[in-house]
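Student: This is a predicted model, with the sequence first.
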Amino acid sequence: MREARTVVVKVGSSSLTTPEGVLDVARLTALADALAARRLAGSDVVLVSSGAIAAGIVPLGHTTRPNDLATQQAAASVGQGALIAAYTAAFGAHGLTVGQLLLTADDLIRRQNYGNARRAVGRLLRLGVVPVVNENDAVATDEIGFGDNDRLAALVAHLTRADALLLLTDVDGLYDGPPSEAGSVRIPLVRRQEDLAEVRLGGTGSKVGTGGMVTKVEAARIATGAGVTTLLTSADQIVDALTGRDAGTVFLPTGTRPASRMLWLAHASDPAGRLVVDDGAVRALRGRGASLLPAGIVRVEGSFDEGAPVEVVDRRGIGVARGLVAYGSDELPRLLGRSTTWIADVFGGEYAREIVHRDHLVLV
Ligand SMILES: Nc1ncnc2c1ncn2[C@@H]1O[C@H](COP(=O)(O)OP(=O)(O)O)[C@@H](O)[C@H]1O
Ligand SMILES: N[C@@H](CCC(=O)OP(=O)(O)O)C(=O)O
C-alpha cells in the first residue's frame, strides 16, 4: 500500500454519515485530507465514494433510507450533488481539483463505453485531478446495476490498472464472524480464497450501508484475482493504511491481470436467469469462440428482460459462460432449437440474431 503508484480507495456510506444518516462533512474532510496528502506525494488516487443516497435523505425531508427504487434514484440525484460539492471544497483546500465520474454497469461491459471510461480516468489522473467515482444510481436499473460500490471499486481498480485497492468501512477489518458477536476475531491476512472457508459473513451493520461484508469479500476476490492487493479497514485508520502500517485485513493477489473488460460479467453480475444448452453449443462457445445461437438452447430458466446478464449452463447444470441476452425470457421459448434461417422466414429478419453475442459473452 505504501509503495503503490495508483491506489483506488472506496469509502462506504456508513463512514461518511452521522449515526442519524446525515452527511458528516467532518469525516468526509478527514478522508479527503489523507487522500490529498497521498496525491500530493505523487501517487494517482481514485476515490470510489458511496453516500449519494444517504446524503439525499435529509434534503428530501425523509428520516430513513428509502426502500423503493424510484425514491432511491431521487435521493441519489439530490445527494450526489451535495457529496461532490463537499469533496470539491475539501480537496480544494489542498489546491486539488476533483472530477465526478458516474458509471453504470454498461460502461464497464460494452467495448466502446469501457474505452471511454478508461480514457476519461486516464486523462483526469494525468491532469492531477482526483476522480470521484460512484454508480450512476439515478439511472442504473435493478437488473443491470452493480448494486454496491465494493464490486464497482474492484472493477475500477482493474480499469485503472491500480496497484492497490483500499476498502474503507465502519469496522477495522474482516472478522471470523460478525463483529457484533462476542468472541469474533480480526483476520490480519488472507492469502487465498480457502482462508475464508470458516469465516461467517454478515450483512450491513448500519442503516445506510448495503451489502455488508459479503460484497467486500467479493470485491477483494475480484481485485486480487486481477492482481490487485486489497486492504480492508475502517475509514478512521486511513492514514495508517496508506502508510503501510498494520491496519485491517490484507488480501494478497491470487491471480494475474486479465485484459478483459468482461470482468464484471464473469464475477460481479448476479445472473437474472439461465440458458441450458446442448453439447454442440458448449463446443461452439468453448472451442470456436462462437456466439450463442437459438439452435443450441434446450431450456430457459428464470424471468428476465432483454439485455439482462444470464448464465449459460450445460445439460448437467455446469456453468459454461455468462453473457448479456438479446431477448427477454417471454420471447425466447418460441425461438429455441430453431435455425436462424427458419426464424427469419417465420418471424422476420430482425429476429435472426444471436441470443448472446460473442462481444457480450465471457467463458467461466
Ligand atoms: N465477518 C465480518 N467481519 C467484519 N464485518 C462484518 C462481518 N460480517 C458482517 N459485518 C458487517 O459489515 C459491515 C460493513 O458493511 P456495510 O455496512 O455495507 O459498510 P459500507 O457502508 O462501508 O459499505 C460492518 O459494520 C459489520 O457490521
Ligand atoms: N451508490 C450508492 C451506494 C451503494 C453502496 O454500495 O453503498 P455502501 O455499502 O455504503 O458502500 C450511493 O452512493 O448511495
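Tutor: On my side now, so go ahead. Ligands and ions are numbered 1, 2, ... in the order given.

Student: who touches the residue of the stretch 251-364 of the chain at minimum distance from ligand 1 in this structure?
Tutor: Across the stretch 251-364 of the chain, the shortest distance to ligand 1 (Cβ to the nearest ligand atom) belongs to Phe251, at 13.1 Å. From N, CA and C alone the C-beta is placed, and that goes for glycine too. The neighbours of Phe251, taking Cβ atoms under 8 Å, 6 or more residues apart in numbering as the test, are Val190, Ala220, Arg221, Ala223, Thr224, Thr229, Thr230, Leu231, Leu232.

Student: please redo it, this time with the cut-off set to 10 Å
Tutor: By Cβ atoms under 10 Å, 6 or more residues apart in numbering, the contact list for Phe251 reads 165, 167, 174, 187, 189-193, 195-196, 216-217, 219-221, 223-224, 228-232.

Student: So which residues of the stretch 201-350 of the chain form strands?
Tutor: Secondary structure of the stretch 201-350 of the chain (DSSP state E, counting those that start in this stretch): strands at 229-234, 249-251, 273-277, 297-301, 309-313, 319-324.

Student: domain ranges for this structure?
Tutor: Domain ranges of the chain: 6-264, 271-363, per automatic domain parsing.

Student: Could you pull up the mean pLDDT of the shortest one?
Tutor: Confidence over domain 271-363 (mean pLDDT, whole number) is 89.

Student: and what of the longest one?
Tutor: Confidence over domain 6-264 (mean pLDDT, whole number) is 89.

Student: wait, does it contact ligand 2?
Tutor: Yes. Legend: contact between domain 6-264 and ligand 2 by Cβ under 6 Å from any ligand atom is shown at 12-14, 50-54, 76, 134-135, 137, 148-149, 209-211.

Student: give me the beta-bridge partners of the nearest residue to Leu189 once chain neighbours are set aside?
Tutor: Nearest non-adjacent residue to Leu189, counting by Cβ to Cβ, 6 or more residues apart in numbering: Val250, 5.3 Å away. Following DSSP bridges, Val250 is listed with bridge partners Leu189, Leu231.

Student: I'd assumed Thr230 was in contact with Val250.
Tutor: Yes. Val250 is within contact range of Thr230, at 7.4 Å (criterion: Cβ atoms under 10 Å).

Student: I am finished for the moment; much appreciated.
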